[in-house]
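S.K.: sequence unknown, structure follows:
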């Protein structure tokens, strides 16, 4: 049995592309405005307020989490790509976080398995989507557990 993410079966026609996500990793030397100088925060820009089909997510962590040098913060912006100009799609979030010392942008395909997992004993997760709270990834892991074991995972034991 093999359990993997889509990157392990690239080129084997075991997944299909269902969309794209854009992520911008931004290095800041200031807190995000109007967050009470919080060491970490999650901001969701609602799709309806932006005339979009998908929310835009911002997650910020700081040196308090030992992920960057003292005085720095890391903000990650992500959303599902809806146009041919994904960088323009995240502009509302970029404006919200303010000045950046550095920004790295990546557009990635979102994959979903299409193989017969039980017959092949090859269980492939879905790609990470744009959400920053891991709800969809957690549901995917629980569904994979059930597909592999034949029973639901009881976390209340």
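M.R.: Cool, got the structure. Here the structure is a predicted model, which is why all the values come from computation and not from measurement.

S.K.: just the strands in the chain please.
M.R.: 2-4, 15-28, 41-45, 56-62, 73-80, 102-113, 122-124 (DSSP state E).

S.K.: what's the burial count for residue 74?
M.R.: Residue 74 is flanked by 18 other residues according to other C-beta atoms under 10 Å. Where you see a C-beta, it was placed from the backbone N, CA and C, and this is true even at glycine.

S.K.: how about residue 27?
M.R.: With neighbours defined by other C-beta under 10 Å, the count for residue 27 comes to 15.

S.K.: contacts made by the longest helix along the chain with the rest, please.
M.R.: Longest helix in the chain by number of residues, with DSSP state H as the criterion: helix 135-149. By C-beta atoms under 8 Å, 6 or more residues apart in numbering, the list of residues contacting helix 135-149 from outside reads 1, 3, 117-118, 123, 125-126, 128-129, 131, 152-153.

S.K.: gap between that helix and the chain center?
M.R.: Averaging C-alpha coordinates over helix 135-149 and over its chain gives two centres that are 17 Å apart (C-alpha atoms, centre = their mean, to the nearest Å).

S.K.: in that helix, what's buried?
M.R.: Of the residues in helix 135-149, those buried under the neighbour-count criterion (16 or more other C-beta atoms under 10 Å) are 140, 144.

S.K.: just want the most central residue of this structure.
M.R.: For the chain, the residue lying nearest the average C-alpha position, counting by C-alpha atoms, centre = their mean, turns out to be residue 130 (3.8 Å).

S.K.: report the angle between the longest helix of the chain and strand 102-113.
M.R.: Orientation check (axes from the mean of the first three to the mean of the last three C-alpha atoms, to 10 degrees): helix 135-149 against strand 102-113 gives 30 degrees.
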